[in-house]
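*Asks:* coords please:
(one chain, ligands or ions: 3)
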Amino acid sequence: MALIVQKFGGTSVANIERIRNVATKVKKELDLGNQVAVVVSAMSGVTNQLVAYVQELSPLTSAAAWAEYDQVVSSGEQVTSGLLALCLHEMGIPARSFSGWQMPLISDSAHGKARISSIEAEAMHKVLNSGQVAVVAGFQGMTPEGRVSTLGRGGSDTSAVALAAALKADRCDIYTDVDGVYTTDPRIVEGARKLDKITYEEMLELASLGAKVLQTRSVEMAMNHGVMVQVLTSFADKPGTLLVKEEEIVEHKRITGIAYSRDEARITLTQVANIPGMSAALFGPLADANINVDMIVQNVTEDSGATDITFTVPKADLEHALKAVQGVKSTLKYKSMHTDRNVAKVSIVGVGMRSHAGIAQTMFKTLAEKNINILVISTSEIKVSVLISEDYTELAVRALHAAFELEKA
Ligand code: ADP
Ligand code: ASP
Ligand code: MG
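*Replies:* Numbers count the residues shown, from 1 in each chain. Ligands and ions are numbered 1, 2, ... in the order given. Sure thing, here's the model as predicted:
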């Protein structure tokens with residue numbers, strides 16, 4: 001007997017008919033003699049609607065407001081957990097729903113983007129051992145103060161992997177609206193190819209660089225706890241993509257996948273004094289404001305003794321970031337500040353980069369041929385990212401997909 005955690009995303013539970021379909025997937029695992037804990041998202045579109053209600057009422061500038069945000073936006077998952085449990089009852093399958101606080105799944109108090117600190121597995125094991133299916137509302141937890149928290153958009157993936165780790169489950173199946181992890185978002189590149197396997201490390205990079213198919217923290221958690229994760233579709237009966245260790249893939253292609261993100265904005269400061277301490281003076285206040293700076297580039301023009309600094313921050317934090325920078329203007333003595341929201345980050349990812357040369361060059365040449373200007377570049381061992389005008393996002397992704405021959409197996 002195996003213990004399986006199944007997670008169903010918003011499109012898989014979008015209406016009652018689809019919830020019935022989900023119940024058949026649960027039954028299939030039970031018929032194999034397995035124990036099943038299910039994690040559900042809100043019906044598709046529901047979380048967006050709840051967020052919109054909150055934003056209509058509040059600019060969300062205080063911790064108290066964010067606590068209420070969580071109270072509201074967590075509610076979509078409560079509905080689907082109850083509905084799926086009811087549906088299972090109707091099929092003669094014993095089941096019970098759990099909200100985050102009922103497990104409990106304890107998180108920190110960072111409302112809106114809380115991190116999980118622990119999950120109580122004992123009670124859940126009892127329920128499973130008694131022959132019931134546990135249906136868990138994803139995306140939500142409870143703070144040490146007893147308030148409802150949410151784990152950031154896409155957070156049900158993390159709920160599922162965390163639950164799988166806590167229960168020491170044999171596998172965590174993430175059911176979504178595509179049949180696995182693709183070489184890039186199949187919604188923008190027709191020739192995108194489904195991968196049978198992908199390394200945890202590559203999936204972590206792709207997720208953090210914008211591939212929404214798994215929430216970044218879920219991959220991080222799977223990697224740290226050795227959780228076996230499979231991404232597959234709830235709309236057909238076929239194998240998906242398995243997250244594996246690097247040595248389980250025999251031959252690595254030059255790159256494995258391409259991700260893009262439209263979530264960042266660019267800030268450029270011109271003629272910052274070229275003396276020690278300027279970067280610390282600039283990025284310190286941004287860190288204090290809890291703003292994640294991503295790409296950074298600094299150019300010194302030899303004759304002026306001044307330097308231009310360009311960096312990116314999440315679009316949602318732009319206003320906040322500008323305030324923080326203006327607060328240190330007297331120290332930095334920059335001449336002007338420019339911002340650009342119309343940017344996108346396109347990244348190529350692959351562990352094959354470690355052993356193949358000329359990969360960045362192929363990327364730059366491909367973009368040059370399409371006349372796409374590169375604004376900022378950043379690299380790590382297994383990725384190269386470029387910042388470009390948002391208007392060219394899809395063109396860039398398609399051109400790179402072709403240049404690296406990712407449609408070919
Ligand atoms: P769910 O509601 O099931 O959590 P999401 O919308 O969060 O589903 O994630 C699935 C979506 O991720 C797909 O519909 C697809 O458009 C997008 N996506 C982006 N990059 C990839 C990729 N490399 N492989 C598969 N899907 C991707
Ligand atoms: N319903 C939440 C969201 O839309 C969590 C999730 O679907 O994973 O972000
Ligand atoms: Mg998702």
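*Asks:* all helices in the stretch 151-300 of the chain, in order from the N-terminus.
*Replies:* Secondary structure of the stretch 151-300 of the chain (DSSP state H, counting those that start in this stretch): helices located at 156-167, 200-208, 216-225, 278-288.
*Asks:* near ligand 1, which residues of the stretch 1-150 of the chain?
*Replies:* When proximity is defined by CB under 6 Å from any ligand atom, the stretch 1-150 of the chain lies next to ligand 1 at 9, 10, 11, 41. The C-beta positions use only the backbone N, C-alpha and C, and glycine is treated the same way.
*Asks:* Looking at the residues you listed, which two lie furthest apart in space?
*Replies:* Pairwise distances among those were taken by CB to CB; the largest, 8.8 Å, belongs to 11 and 41.
*Asks:* how about the residues of the stretch 101-250 of the chain near ligand 2?
*Replies:* Close to ligand 2, as judged by CB under 6 Å from any ligand atom, the stretch 101-250 of the chain has residues 138, 139, 153, 154, 155, 156, 157.
*Asks:* The last one reaches residue 215, doesn't it?
*Replies:* Yes: counting by CB atoms under 8 Å, residue 157 sits close enough to residue 215 to count as a contact (4.2 Å).
*Asks:* Would you mark the buried spots in stretch 138-152?
*Replies:* Using 16 or more other CB atoms under 10 Å as the test for burial, stretch 138-152 gives 138, 139, 140, 141, 142, 143, 147, 148, 149, 150, 151.
*Asks:* Endpoints of that stretch, how far apart?
*Replies:* Separation of the first and last residues of stretch 138-152 by CA to CA, to the nearest Å is 11 Å.
*Asks:* average pLDDT for that stretch?
*Replies:* What stretch 138-152 shows for mean pLDDT is 98.
*Asks:* coming back round to it: okay if I get the helices of the stretch 151-300 of the chain as CSV plus mean neighbour count, mean pLDDT and distance to ligand 1?
*Replies:* Formatted as CSV, the helices of the stretch 151-300 of the chain follow (neighbours: other CB atoms under 10 Å; pLDDT from 0 to 100; distance: least, CB to the nearest ligand atom, whole Å):
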stretch, mean neighbour count, mean pLDDT, distance to ligand 1
helix 156-167, 28, 98, 6
helix 200-208, 24, 97, 6
helix 216-225, 21, 97, 10
helix 278-288, 16, 94, 28
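*Asks:* Can you tell me which of those is nearest to residue 180?
*Replies:* Between residue 180 and these, the tightest spacing by CB to CB is seen for helix 200-208, at 11.3 Å.
*Asks:* May I have that closest one exported as CSV, CA atoms only?
*Replies:* Taking Å, rounded to 0.1, in the frame of the first residue of the first chain, the C-alpha atoms of helix 200-208 are listed here in CSV:
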residue,chain,number,x,y,z
TYR,A,200,14.7,19.4,-9.5
GLU,A,201,17.3,22.0,-10.1
GLU,A,202,16.1,22.9,-13.5
MET,A,203,12.5,22.9,-12.4
LEU,A,204,13.4,25.2,-9.5
GLU,A,205,15.1,27.7,-12.0
LEU,A,206,12.2,27.5,-14.5
ALA,A,207,9.7,28.1,-11.7
SER,A,208,11.5,31.0,-10.1
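*Asks:* For it, name the packing helices and strands.
*Replies:* Applying 3 or more CB pairs under 8 Å, 6 or more residues apart in numbering; DSSP states H and E, we find helix 200-208 packed against helix 216-225, strand 241-244, strand 257-261, strand 343-349.
*Asks:* what's next to that helix, contact-wise?
*Replies:* The list of residues contacting helix 200-208 from outside it, by CB atoms under 8 Å, 6 or more residues apart in numbering, reads 181, 198, 213-216, 218-220, 222-223, 243-246, 256-257, 259, 347, 349-351, 380, 382-383.
*Asks:* quick one: secondary structure of residue 385?
*Replies:* strand (DSSP: H, G, I helix; E, B strand; the rest coil).
*Asks:* residues in contact with the closest residue to ligand 2 within the stretch 151-300 of the chain?
*Replies:* The stretch 151-300 of the chain approaches ligand 2 most closely through residue 156 (3.2 Å), counting by CB to the nearest ligand atom. The contact partners of residue 156, by CB under 8 Å, 6+ apart, come to 7, 9, 39, 40, 41, 77, 138, 139, 215.
*Asks:* more neighbours, residue 11 and residue 41?
*Replies:* More crowded of residue 11 and residue 41, by other CB atoms under 10 Å: residue 41, with 30 against 19.
*Asks:* I'd say that one and residue 77 touch.
*Replies:* Yes: counting by CB under 8 Å, residue 41 touches residue 77, with 6.4 Å between them.
*Asks:* Overlap of the contact sets of these two?
*Replies:* Shared contacts of residue 41 and residue 77, counting by CB under 8 Å, 6+ apart, come down to 138, 139, 156.
*Asks:* Tell me where the stretch 101-250 of the chain has strands.
*Replies:* In the stretch 101-250 of the chain, the segments counted as strands under DSSP state E, counting those that start in this stretch are 105-107, 116-119, 133-137, 140-142, 148-150, 171-176, 197-199, 229-233, 241-244.
*Asks:* ok, back up a step: who wins for proximity to residue 193 among the helices of the stretch 151-300 of the chain?
*Replies:* helix 200-208 (14.0 Å).
*Asks:* distance between that closest one and the chain's centre?
*Replies:* 9 Å (CA atoms, centre = their mean, to the nearest Å).
*Asks:* and the angle from it to strand 229-233?
*Replies:* Compare the direction of helix 200-208 with that of strand 229-233 by axes from the mean of the first three to the mean of the last three CA atoms, to 10 degrees and you get 50 degrees.
*Asks:* Contact partners for the nearest residue to residue 273 once chain neighbours are set aside?
*Replies:* Residue nearest to residue 273 in three dimensions, not counting chain neighbours: residue 333, with 5.3 Å by CB to CB, 6 or more residues apart in numbering. If a contact means CB under 8 Å, 6+ apart, then residue 333 has 271, 272, 273 as its contacts.
*Asks:* The strand or helix carrying residue 85 packs against which elements?
*Replies:* Following DSSP states H and E, the helix or strand that holds residue 85 is helix 75-90. Secondary-structure packing of helix 75-90 (3+ CB pairs under 8 Å, 6+ apart): helix 16-31, strand 35-40, helix 46-57, strand 95-98, strand 133-137.
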